[in-house]
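Peer 1: need coordinates for the following:
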Amino acid sequence: MFLLSAHTYSQVKLPAIIRDSMILQRDDYINIWGWASKNEKVKIKFNGKNYRAVGGADGKWLAQLSPMKAGGPYTMEISASNKIVINEILVGDVWFCSGQSNMVHQMNIHDVTYVKDIAEANYSQVRQFWIPTATNLQGPLDDLSPGNQNSFGWKAAVGDNVRPFSAVAYFFAKYIYDKYHIPIGIINASVGGTPIEAWTSEEGLKDFSTIFATVQKNKDTSYVNNLNRTATASNKPQQGNDLGVTGEQKWYDPSYSATGWKPINIPGYWEDHGIKELNGIVWYRREIDIPSSMIGKPARVFLGRIVDADELYINGKQVGRTAYQYPQRRYSLPPDLLKGGKNIFVIRVTNNAGKGGFVPDKPYCLFTGDDTLDLKGTWQYKVGDVFAPRPAGVSAIVAQNQPTGLYNAMVAPVINYTIKGFLWYQGEANTSRAEEYAKLQPAQITDWRIKWKKRNLPFVYVQLPGFMDYNYLPSESNWAMLRESQLKSLSVPNTAMAVAIDLGEWNDIHPDNKKDVGERLALAALRIAYGENLVYSGPIYESSAIDGNKFIIRFTNSANGLITNDGEAPSEFAIAGDDKKFIWAKAKIDGDKVTVWNETLGEPRYVRYAWADNPVKPNLYNKAGLPASPFRTDK
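Peer 2: Sure thing, here's the model as predicted:
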């Protein structure tokens, strides 16, 4: 057995992505590849033509099929010592979609906002191939992880099958399909909370000495395993004593007599309600009177977002739990659970760091049919456990956050697949190193184009939306700097950026509006990938000149004139003199220019627009209804 190579095959084998219902790229040479025995002859029959390939010394083979127009369905036969038949193949446009959680977020997560879109989804020629999370630090893999084979498949956007689709990618694909009525394929490789360098190859990172050194170090599995064992030992979960579950009677038991509980409001963080710097477990309890008209119907409880983890009990039965802070809490209830009159709602909240509790400005309701019962207001709380402060421990090596870790396992296995272009929505995980991103993103774009062997593949990406607290004074911002770095990537040929500064939510890093993001990406793709003559971007800073005490700012993509989306004067402009102490400025629009000034500053030198984590009112748009990108001149 030791004489057998891992790449020895007795039959033809195909990569996971080449399978039934796949969409192939039109108007380009189509790569079909796989593995066979050494020197084994492979025959491919497709659309009335025959193609041949031969297994190499390592068993690998690749055939290029002639370009085809959009159409289908087709059947493909691949034969050698065995025969494989692939059915229901379409030919159209294929987009590789990647990034972190805002590209991950499925239609299912946003099924309240997009309930109508899900109900009406009937796009059999829009299909997604979802690549499950996988990592490798040693080097690029030939195929997707065998352990995830059951997760693979090309799924059509029809009915509930649209629920697992990336919401951003779905609305992008739907927009393109509605215009051209050709099959649109989405290859979705995205993982929440991951940095851009995790998606870049070793070769693509060679100019980043520190990152490149990390790549080499991580190839040593002994080093990685030893460090992770040390980290696990030094960061063991705290062995707490939650009184809510260790006492004689559980606090969620309907017969439990609640004594010593104090009032608290939902939503809100407990640190803002008189509980100082508590990391631990806090229980919330309330008696909810439910009218008989709501009984016996399908019911759902919405609990907004909770920091960090929660368990919901109703009348003593656990009906939902979530282990981390970001998902929206939407729990379906058994039909026989609720009863007319008094019902006991108990929520167990665990918080490990920062403020714990219920995120404001989110829905907190019970729904049955057309009836809604508000759950906001005064509850009772009691602390079940307090976590002791932890000493600083050793950080583990989390492979999905390491350079090349995701590229090797989720990108490299599909680089032979012929595509139309790339969609990219990422950056949140790099905001602490925002300036470096100005080099990392162009390096990634170049890297992917080299790997796909097409130096000019369209690359369309999202500039980060607004997020976090509003600041009503001019301030510094890592998020603004990251947006600036993204803006600089437009210097790379055949790229386009969808500005999303107006689509964020102050209290959610995963804003609900995914449709406008997808459609703005589609507009950008129509311009750079499909050659349409249209306005595809909001205003982009071009130049500025000082005239006395005023800045005169010019923009590209002004679409025959600038406007504000609220009819008021442009806001979010700040100016400074040589000292770079910024103050708010007045502004007015003059065609495709904006004049900016403050009477108290006689000699302005620098200007900024929407320079904040989450600018309060970035209202500068073009007449096509697309927002201006934030910018600064003090670089």
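Peer 1: from here on, just use CA atoms for contacts and neighbour counts.
Peer 2: Will do.
Peer 1: which residues sit in contact with residue 254?
Peer 2: 315, 316, 344 (Cα atoms under 8 Å, 6 or more residues apart in numbering).
Peer 1: let's see 10 Å
Peer 2: 313, 314, 315, 316, 317, 343, 344, 345, 346 (Cα atoms under 10 Å, 6 or more residues apart in numbering).
Peer 1: can you classify it by secondary structure?
Peer 2: coil (DSSP: H, G, I helix; E, B strand; the rest coil).
Peer 1: picking that back up, most neighbours, which of the contacts of residue 254?
Peer 2: For the contacts of residue 254, the largest neighbour count, defined by other Cα atoms under 10 Å, is 26 neighbours, found at residue 346.
Peer 1: which residues in this structure form helices?
Peer 2: Assigned by DSSP state H, the helices in the chain fall at 101-104, 115-119, 167-180, 209-218, 221-234, 243-246, 405-406, 434-451, 478-488, 515-528.
Peer 1: give me the neighbour count for residue 488.
Peer 2: Counted with other Cα under 10 Å, residue 488 comes out at 15.
Peer 1: then residue 270?
Peer 2: 20.
Peer 1: by mean pLDDT, flag the weakest helix or strand of this protein.
Peer 2: Lowest on mean pLDDT, DSSP states H and E among the helices and strands of the chain sits helix 221-234, with a mean of 87.
Peer 1: and the two most separated of the contacts of residue 254?
Peer 2: 317 and 343 (11.3 Å; Cα to Cα).
Peer 1: which neighbours do those two have in common?
Peer 2: Shared contacts of residue 317 and residue 343 (Cα under 10 Å, 6+ apart): 254, 337.
Peer 1: for this structure, give me the ranges with low pLDDT.
Peer 2: Low-confidence segments of the chain, defined by pLDDT under 70: 1-10, 147-150, 236-239.
Peer 1: domain ranges for it, per the record?
Peer 2: Domains of the chain are assigned by automatic domain parsing as 93-235+394-410+421-537, 243-386, 540-632.
Peer 1: longest strand anywhere in the protein?
Peer 2: strand 83-99 (DSSP state E).
Peer 1: quick one: the strands in the stretch 201-350 of the chain?
Peer 2: Counting by DSSP state E, counting those that start in this stretch, the stretch 201-350 of the chain has these strands, from start to end: 262-266, 268-269, 280-290, 299-303, 306-307, 309-314, 317-322, 330-333, 341-351.
Peer 1: adjacent strands (with direction) for the fourth one?
Peer 2: So the one you mean is strand 299-303. Applying DSSP bridges, strand 299-303 is found paired with strand 330-333 (antiparallel), strand 364-368 (antiparallel).
Peer 1: ok, back up a step: need the contact partners of the least confident helix or strand of the chain.
Peer 2: 137-138, 217-218, 235, 390-399.
Peer 1: now, of the residues you listed, which are buried?
Peer 2: 137, 138, 218, 235, 396, 399 (16 or more other Cα atoms under 10 Å).
Peer 1: which two of the residues you listed have the greatest separation?
Peer 2: So for those, where distance means Cα to Cα, the most widely separated pair is 138 and 235, at 25.7 Å.
Peer 1: ok, for residue 79, nearest residue in space, not its chain neighbours?
Peer 2: residue 43 (5.2 Å; Cα to Cα, 6 or more residues apart in numbering).
Peer 1: return the residues in contact with the one you found.
Peer 2: 50, 51, 52, 53, 54, 63, 77, 78, 79, 80, 83.
Peer 1: can you redo the strands paired with strand 299-303 as a markdown table with mean neighbour count?
Peer 2: A markdown table is the format used below for the strands paired with strand 299-303 (neighbours: other Cα atoms under 10 Å):
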| stretch | mean neighbour count |
| --- | --- |
| strand 330-333 | 18 |
| strand 364-368 | 19 |
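Peer 1: need the ones you listed in JSON lines (columns: distance to residue 108).
Peer 2: JSON lines is the format used below for the strands paired with strand 299-303 (distance: least, Cα to Cα, whole Å):
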{"stretch": "strand 330-333", "distance to residue 108": "11"}
{"stretch": "strand 364-368", "distance to residue 108": "18"}
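Peer 1: surely residue 101 meets residue 424?
Peer 2: No: using Cα atoms under 10 Å, residue 101 is not in contact with residue 424; the gap is 11.2 Å.
Peer 1: who touches both of the two?
Peer 2: Between them, residue 101 and residue 424 share the contacting residues residue 190, judged by Cα under 10 Å, 6+ apart.
Peer 1: give me the subset of the contacts of residue 43 lying in strands.
Peer 2: Counting by DSSP E, the contacts of residue 43 place 50, 51, 52, 53, 54, 63, 77, 78, 79, 83 in strands.
Peer 1: mark which of these are buried, thanks.
Peer 2: For the ones in strands among the contacts of residue 43, a burial check counting by 16+ other Cα under 10 Å picks out 52, 53, 54, 63, 78, 79.
Peer 1: hmm, the fifth one is touching residue 14, no?
Peer 2: Yes: counting by Cα under 10 Å, residue 78 sits close enough to residue 14 to count as a contact (9.4 Å).
Peer 1: now for these two: what residues contact both?
Peer 2: Among the neighbours of residue 78, those also in contact with residue 14 (Cα under 10 Å, 6+ apart) are 32, 84.
Peer 1: ok, now which ones touch the residue nearest the centre of the chain?
Peer 2: By Cα atoms, centre = their mean, the mean C-alpha position of the chain lies nearest to residue 102, the distance being 2.0 Å. Going by Cα under 10 Å, 6+ apart, residue 102 touches 166-168, 190-193, 424-428, 462, 509-512, 514.
Peer 1: switch the cut-off to 8 Å
Peer 2: If a contact means Cα under 8 Å, 6+ apart, then residue 102 has 168, 192, 425, 426, 510 as its contacts.
Peer 1: got a winner among those residues for most neighbours?
Peer 2: Each of these was scored for neighbours by other Cα under 10 Å, and residue 168 scores highest at 27 neighbours.
Peer 1: tell me who's in contact with the residue nearest to it when sequence neighbours are not counted.
Peer 2: Spatial nearest neighbour of residue 168, chain neighbours left out: residue 518 (4.5 Å); criterion: Cα to Cα, 6+ apart. For residue 518, the contacting residues are 167, 168, 169, 170, 171, 172, by Cα under 8 Å, 6+ apart.
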